[in-house]
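>>> Here is the input, now give the coordinates:
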Amino acid sequence: MEVIALLLATVFIFLSGLHLYWVLFGIKDPTQVLPTNEDGKLLMGPGKIGTLLVGLFLAFFASVYLNKVLEFFSFDGLTYISFGIGFLFLARTIGDFKYVGFFKSVKSTNFAFMDTRYYSPLSLMVTVLIFVLEIWG
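Down below sits the predicted model:
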């Protein structure tokens, strides 16, 4: 189970680093990483602070799973936090039924293509790994 925890930590460290990179250097093509409507208009503009907060949350998620291997702090509620992260990513995988997730109805945008091919499968993989780790670990 340590391998799963390390894999999750690695994914979260990578995603956190990507968000911090975007804070410092910007996003080259926002239509590939942020949902857009059919006209190509961005549906959200998180800005630098929002992107930084997401990066920090992802770094916190990484610390939760690194702690399962390194045990650098002891906290009884860590399993509940981990399940919460799992449910958060399950919600991301399912999506909003319009622009995000496997069940989206708008499928003709750059983001929809990237979401179907990369983001939603990654989110599903993270969800499954978290639940496997917490239920059978």
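>>> And the helices in the protein?
Ranges of helices in the chain, per DSSP state H, are 2-25, 30-33, 47-70, 78-94, 110-114, 120-136.
>>> Relative to K41, which of those helices is closest?
K41 sits nearest to helix 30-33 of all those, at 9.5 Å, using C-beta to C-beta. Using the backbone N, CA and C atoms, a C-beta is placed for each residue, glycine as well.
>>> so what secondary structure elements neighbour that closest one?
Secondary-structure packing of helix 30-33 (3 or more C-beta pairs under 8 Å, 6 or more residues apart in numbering; DSSP states H and E): helix 110-114.
>>> Next, the residue of the chain most remote from its centre: phi, psi?
The C-alpha centroid of the chain is most remote from D39, which lies 25.7 Å away (C-alpha atoms, centre = their mean). Phi and psi for D39, reported as degrees, to the nearest 10, are phi -80, psi 0.
>>> measure it to V106 for me?
Taking C-beta to C-beta, to the nearest Å as the measure, D39 falls 11 Å from V106.
>>> same check, this time on H19
Relative to V106, H19 is positioned 24 Å away (C-beta to C-beta).
>>> Which of those two has more residues huddled nearby?
H19 (22 against 16; other C-beta atoms under 10 Å).
>>> any idea how far that one is from F57?
In terms of C-beta to C-beta, H19 sits 9 Å off from F57.
>>> Then S108?
On the measure of C-beta to C-beta, S108 and F57 end up 30 Å apart.
>>> go on, Y99?
Y99 is 21 Å from F57, by C-beta to C-beta.
>>> Among these two, which residue is more densely surrounded?
Comparing Y99 with F57 by other C-beta under 10 Å, the one with more neighbours is Y99, at 21 against 16.
>>> who touches that one in this structure?
By C-beta atoms under 8 Å, 6 or more residues apart in numbering, the contact set of Y99 is 35-37, 43, 106, 109, 111-112.
>>> Any quick PyMOL command for the buried ones out of these?
Remark: buried members of the contacts of Y99, expressed as a PyMOL selection using 16 or more other C-beta atoms under 10 Å:
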select buried, resi 35+36+106+109+111+112
